[in-house]
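Asks: any chance you can model this:
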Amino acid sequence: MKLVSQHYKSGAIGLQEVAPPALKAGGVLVRTHFSVVSSGTEGMKVREGRLSYIGKARARPDQVKKVLATVRQQGLVAAYQKAMNKLDSLTPLGYSLAGEVVAVGEAATEFHVGQRVACAGAGYANHAEVNFVPTNLAVPVPQGVATRHAAFATVGAIALQGYRQAQMQLGESACVIGLGLLGQLLVQILRASGVHAIGIDIVPSRCELAVRVGAKAALTPDDPGLPALIKRMTDGHGVDCVFIAAGGASNAPVELAATIARDRARVVDIGKTRLDLPWNDYYLKELDVRFSRSYGPGRYDPLYEEHGIDYPIGYVRWTERRNLAAFLDLLAEGKIDLDALACPVRPFTQAEQVYQELAASAAALATVFDYTAELATPVSRLLPTSRAQPASARTDGRINLGLIGAGNYASSMLLPHFKGSSAVKLAAVATTSSLSAENARQKFGFGRATTDFNDVLADPTIDAVIIATRHSSHARLVCAALRAGKATYVEKPLALTLEELRDIRLAIEESGNARLMVGFNRRFAPLIGTIAERFKHEQTPLVLQYRVHAGQLTGGSWYLETSEGSRFAGEAGHFFDVLAYLTRSRPVSVSAACLRPGRATPDDIDNVIATVTYENGSLGSVSYLTQGGSRLPKEQLEVFGGGCAARLENFETVGFYGDTDSRRVKSSRLDKGQGAQLNAFIAAVQGRAPMPIPLECLFDTTLTTLGVAQALGNSGFADIRALWSGVEP
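Replies: Predicted coordinates for the structure are as follows:
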């Protein structure tokens, strides 16, 4: 199928041929009939994409802060790789469409195949022939509403949320500064609610249009008659509310709002504009400045948008989904006139040309993509299938590798190691997102892209798979891959529960396939190897202290979704694996305590200190912390034994402190072992070496991590040997 994407690094926009999206629980597959290109929002993306690196940084200071934090904790190389990976990627465009449901996932039974729906959300309501849309981002289209008009529901919901933030009453007056698509819809909503609307825009034709669709008057901001108009229409008091629906770097809208507002009026910001408030003007009138966040409550909340958990109507009357439905009701009642906006309708196949025109001029308020010609394609060809398309046969001795999951970690830290490899051929990549799969295919040279992981596992020519999805899917995919006869590499964690670990052990026994590797890469780091070499002949037990400053999570991180497994569950295996590697002994028990024991659950662990005892008497402690500042390097390891101590500083240096061995080793770069680990895995798949980490060690490390959760939930102690009995098939 076809999808519109932007390459953010170059700014280029094009139609991509991609695999259909996967159908997941809690959502539906929607075949697009019409989608809306907003000249304001999407025009800004086009312009940002054409900026230089410095220009992009100025446009997104929030992303610059993240990069700087990564530099401080993980080093310049890692930060550069992650930043370039994000820049050198395809991103989907679009956020407002209407179409028909062609497939219904589990827990989305309120919808049915053939139903007309309006859909919202960047990354979901894309300019594409088919999209996967979660339930809370889709609403039925009422009878009598044209599908072409329903495609405007997202923009309408944004305008409606701005109106609700103002808490306006019948008979009040309002001024809308900025009469683009959003402003024109807001004018009509104000008219429908009995509010006297005044429009202001720098484009005279947009002022004229606002009057035609319901504004009492509309003028340019430099019109000398504006002050008198405001005075006459408000009995000299000023307007009750000012809506700023303009965009750009000018502070003029904010300054104008202060001059036309009455005493103690509301100022609601809807657009993305400069907001340098003139303090004296806003203070003297005691203006109430409010922000309107997109479509309404639920926006940017993954529990609401992705997992379908609604807010009770008694507590949140107007969610983003209810705003979408309310706007469609206004259309059904004839309160909104979209035809008056004269938005041109263009065939979807002309998308590239439309965006080129948008970059040159934004004369139209919006453009509507028409997918009518694409509707001739049978639905069956636009749905994901499980029919494997075998990779090409090997003719050069390389192994065929498949990838399941191509997120930022896989793209920045794993796949670059295979570029130019003489041992590996990247055969297929599978992700649930159409564009992320295609992006990985183009960037790294995979033979094909799919949205169904079964396509990869069913391919008899694929020798090995890498699983780099979210935590909660690891165990299920590992079992499927092992049973498919594939050598399997999975990113940590291997499992989130004893039951999942038992399933993996059963899959190994039933398939006879024990070729399993987990991404515990730190034991392969050069400086960890230097420490291991120093202590390998010690006969006395070791004492190890591993301090990890993970840092505080920002809102929106998927680590905060407890259903996906905690961040500790994903990272702790690294550190426990290093302890086992250096002690050369198996763990016996683990004790643990955390800062807030009343909150600690297997899915909510932070600020925890865990101590592991080993069969040979060694002791290892992991302090996993989040409360420090971002300037603190992430990891520090100290090892004591045999009259010597070693201190590893964030994989940059290691110092040895002993009577006969006192030295300092510095790494040329921050290397945490990903490359060496992958090379070891490939060598094992080729039969040149055993699997890099013994199977029992993979299970030991996973059980230690699970043991911490058990210890925090019980008496502070867990017997790892007892946990082993829980994973026996």
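Asks: tell me which element Ile158 is part of?
Replies: In the assignment (DSSP states H and E), Ile158 maps to helix 153-166.
Asks: which secondary structure elements does that helix contact?
Replies: Where contact means 3 or more Cβ pairs under 8 Å, 6 or more residues apart in numbering; DSSP states H and E, helix 153-166 is packed against strand 27-38, strand 96-104, strand 116-120, helix 181-192, strand 239-244, strand 261-269, strand 288-291, helix 320-332. In short, each C-beta sits where N, CA and C put it, glycine included.
Asks: quick one: which of the ones you listed is nearest Glu571?
Replies: Proximity to Glu571 (Cβ to Cβ) singles out strand 27-38 among those, at 29.2 Å.
Asks: so what strands line up beside that closest one?
Replies: Applying DSSP bridges to the sheet, strand 27-38 is found paired with strand 96-104 (antiparallel), strand 130-134 (antiparallel), strand 366-370 (antiparallel).
Asks: can I get the longest one in CSV? Just the C-alpha atoms.
Replies: Meaning strand 96-104. C-alpha atoms of strand 96-104 as CSV (Å, rounded to 0.1, in the frame of the first residue of the first chain):
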residue,chain,number,x,y,z
SER,A,96,-7.1,13.5,10.4
LEU,A,97,-9.0,11.1,8.1
ALA,A,98,-12.3,9.3,7.5
GLY,A,99,-12.8,5.9,6.0
GLU,A,100,-14.3,2.4,6.6
VAL,A,101,-13.3,-0.3,9.0
VAL,A,102,-11.9,-3.4,7.2
ALA,A,103,-10.7,-5.4,10.2
VAL,A,104,-11.5,-5.4,13.9
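Asks: where's that strand relative to the chain centroid, distance-wise?
Replies: Shown here is strand 96-104, whose average C-alpha point lies 22 Å from the average C-alpha point of the whole chain (Cα atoms, centre = their mean, to the nearest Å).
Asks: ditto for the second one
Replies: Relative to the mean C-alpha coordinate of its chain, strand 130-134 is positioned 16 Å out (Cα atoms, centre = their mean).
Asks: what are the contacting residues of the helix or strand that comes right after it?
Replies: Towards the C-terminus, the helix or strand next in line after strand 130-134, according to DSSP H and E, is strand 138-140. Applying Cβ atoms under 8 Å, 6 or more residues apart in numbering, the external contacts of strand 138-140 come out as 27-28, 30, 111, 115-120, 153, 321, 324-325, 328.
Asks: if I read this right, Glu510 contacts Arg483, doesn't it?
Replies: Yes: because the distance of 7.2 Å satisfies Cβ atoms under 8 Å, Glu510 is recorded as touching Arg483.
Asks: who's more crowded, these two?
Replies: Neighbour totals were compared for Glu510 and Arg483, and Arg483 leads with 15 against 12 (other Cβ atoms under 10 Å).
Asks: now that one. Nearest residue, chain neighbours left out?
Replies: Spatially, and ignoring its direct neighbours in sequence, Arg483 is nearest to Ser511 (4.9 Å; Cβ to Cβ, 6 or more residues apart in numbering).
Asks: burial of that neighbour, as a residue count?
Replies: Burial of Ser511 is recorded as 16 neighbouring residues (other Cβ under 10 Å).
Asks: spit out the contact partners of it.
Replies: For Ser511, the contact set (Cβ under 8 Å, 6+ apart) comprises Leu482, Arg483, Gly485.
Asks: about what we covered before: now the strands paired with strand 27-38 as a markdown table including mean neighbour count?
Replies: Listed next are these as a markdown table, based on neighbours: other Cβ atoms under 10 Å:
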| stretch | mean neighbour count |
| --- | --- |
| strand 96-104 | 25 |
| strand 130-134 | 27 |
| strand 366-370 | 23 |
